[in-house]
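In: Mind folding the following:
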Amino acid sequence: MSLTPSQLVYYGCADVDETDGTTVGGAIDTTTLIVFSDPTTVNSLGTTLKYVSTNTGDTTQMVTVTGRDSTGSIDTETKTLNGTTVVTGSVTFQRILKVVMSATAVGTVSIERSTDADVLAALPPGVKTVRRLFYDVSADTGTGSARNFYSKVFLSNTSGTNAALGLTFQILTQPGGGAAMQLAVASAVNDTGTATNRQTAPSGVTGAGFGDGPTGIPGTDLAPGATIAIWFNLTLTAGLAADATTYVPELLCSTT
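Out: Numbers count the residues shown, from 1 in each chain. Predicted structure coming up:
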C-alpha cells in the first residue's frame with residue numbers, strides 16, 4: 001500500500017515557544033499536534049465549546065482550552081470529560097490558542113463549537129495537546145524595530161513500510177500586512193537541536209538557510225518511522241496591527 005497523507009503528521013517539540021527568553025526546540029514530542037482540525041474557524045469563533053470523547057471510559061481527563069475572548073484578553077476554561085456524553089463549556093472564545101489534556105485518552109477527544117458539530121480540535125489516543133505556533137507574539141511599536149520569532153516543528157513519517165520520496169517544503173502564500181514567514185530544514189533527520197530562545201535564529205539547519213523554498217531534506221527521502229524538523233521564522237514589522245491567521249506549510253513528495 002502506498003504512503004497516504006494521513007501518515008505524514010506534524011508534531012511539536014519538547015521545548016515550546018510560548019515565552020521570550022527560554023530555550024526552544026529539542027526532540028520531537030508526539031503527544032503534541034500543531035495543526036487544528038479546523039484551522040480557519042479556530043480564529044473566528046465567537047461561541048462557547050463542547051467536549052466529548054469517542055470512548056465511554058474517558059471520564060477523568062481534564063481538558064483546558066486557552067484562547068482569546070471578544071476583548072482580546074487570554075482566557076482559559078477547564079472541563080472534565082464524561083465519556084461519550086457531551087460536556088458544555090461556558091466561556092465564549094473568539095479564537096483558540098491551545099488545547100491541553102491532563103492525561104491521554106483511550107478514545108479520540110473532540111472540541112467542538114457549541115452551535116454545531118464542527119470539530120475544532122481532535123486529540124487521538126496518545127495525544128495530549130493541540131497548539132498553534134508563535135503563541136502570543138506581538139510586533140514592536142511603530143517607532144520600534146522588526147521582530148523575528150522562531151518555532152520548531154517535526155514532520156513524522158508514521159508509515160511502517162513506505163518512504164516519502166523527494167520530500168520538499170515550501171511557502172506558497174505569505175500572511176501579508178507586514179508579516180512574513182520563512183522556513184529552514186534541519187541538517188539531519190531525527191535531530192534534537194535547539195535555539196537559545198524564540199527570538200534567536202537556530203543553528204543546525206541546511207545550507208540553504210531560511211527562505212520560501214522549495215527546500216529538500218537531508219538524504220532526499222524521509223524513511224518509514226523517521227522525522228525531520230522544520231524551523232519557521234515569522235517576521236513582524238514595527239507597528240503591525242493584530243491579525244488572526246493560521247499558516248500550514250505545503251509539502252511535496254511522491255510514493256510507490
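In: Contacts only, for the spatially most central residue of the chain.
Out: By C-alpha atoms, centre = their mean, the chain has its centre lying nearest to Ile34, at 1.9 Å. Applying C-beta atoms under 8 Å, 6 or more residues apart in numbering to Ile34 gives the contacts Tyr10, Tyr11, Gly12, Val130, Arg131, Arg132, Leu133, Val153. (C-beta placed from N, C-alpha, C; glycine too.)
In: With Val86 instead?
Out: Lys50, Tyr51, Val52.
In: what does Thr245 give?
Out: Going by C-beta under 8 Å, 6+ apart, Thr245 touches Asn43, Pro175, Ala179.
In: switch the cut-off to 6 Å
Out: Applying C-beta atoms under 6 Å, 6 or more residues apart in numbering to Thr245 gives the contacts Pro175.
In: Quick check: which element contains it?
Out: Per DSSP states H and E, Thr245 falls between elements, in no helix or strand.
In: is it true that Ala229 touches Phe154?
Out: Yes: counting by C-beta atoms under 6 Å, Phe154 is a contact partner of Ala229 at 5.3 Å.
In: So which of these two has more stuff around it?
Out: Taking other C-beta atoms under 10 Å, Ala229 and Phe154 do not tie; Ala229 has more neighbours (28 against 23).
In: What sits closest to the residue lying farthest from the centre of the chain if chain neighbours are left out?
Out: Relative to the centre of the chain, and counting by C-alpha atoms, centre = their mean, the farthest-placed residue is Thr143 at 31.2 Å. Distances taken as C-beta to C-beta, 6 or more residues apart in numbering put Ala238 closest to Thr143, at 7.0 Å, once the chain neighbours are dropped.
In: do Val9 as well
Out: Of all residues not flanking Val9 in the chain, Ser156 sits nearest, at 5.0 Å (C-beta to C-beta, 6+ apart).
In: Could you grab the helix/strand/coil label for that neighbour?
Out: strand (DSSP: H, G, I helix; E, B strand; the rest coil).
In: Look up the residues forming beta bridges with it.
Out: The bridge-partner assignment for Ser156, based on DSSP bridges, gives Val9, Thr227.
In: Test my guess that it contacts Thr227.
Out: Yes: the pair formed by Ser156 and Thr227 meets the contact definition of C-beta under 6 Å, at 4.5 Å.
In: hmm, back to that, adding distance to Ser2, write the contacts of Ile34 out as CSV.
Out: Below are those laid out as CSV (distance: C-beta to C-beta, whole Å):
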residue, distance to Ser2
Tyr10, 20
Tyr11, 22
Gly12, 27
Val130, 27
Arg131, 31
Arg132, 31
Leu133, 30
Val153, 24
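In: so how far is Ser187 from Cys95?
Out: If you look again at residue 95, you'll see it is Arg, not Cys. Distance of Arg95 to Ser187, given as C-beta to C-beta, to the nearest Å: 35 Å.
In: same question but for Thr40, I mixed them up
Out: In terms of C-beta to C-beta, Thr40 sits 33 Å off from Ser187.
In: again, but for Gln170
Out: 18 Å.
In: likewise Thr76?
Out: Noted for Thr76: a distance of 38 Å to Ser187, by C-beta to C-beta.
In: Pro214 now?
Out: 17 Å.
In: And the contacts of stretch 206-226?
Out: With C-beta under 6 Å, 6+ apart as the test, stretch 206-226 has contacts from 157, 159-161, 163-171, 182, 184-185, 187-189, 228, 233.
In: Thr88 - how many residues pack around it?
Out: The tally of other residues near Thr88 (other C-beta under 10 Å) stands at 11.
In: An error on my part: the question was meant for Val109.
Out: Applying other C-beta under 10 Å, we find 26 residues neighbouring Val109.
In: Beta-bridge partners for it, please?
Out: Val109 has the following beta-bridge partners by DSSP bridges: Ser53, Leu123.
In: wait, isn't it in contact with Pro124?
Out: No: applying C-beta under 6 Å, one finds Val109 not in contact with Pro124, separated by 8.3 Å.
In: Flag every buried residue along the strand or helix carrying Phe232.
Out: Here Phe232, judged by DSSP H and E, is contained in strand 227-236. Of the residues in strand 227-236, Thr227, Ile228, Ala229, Ile230, Trp231, Phe232, Asn233, Leu234, Thr235, Leu236 count as buried by neighbour count, 16 or more other C-beta atoms under 10 Å.
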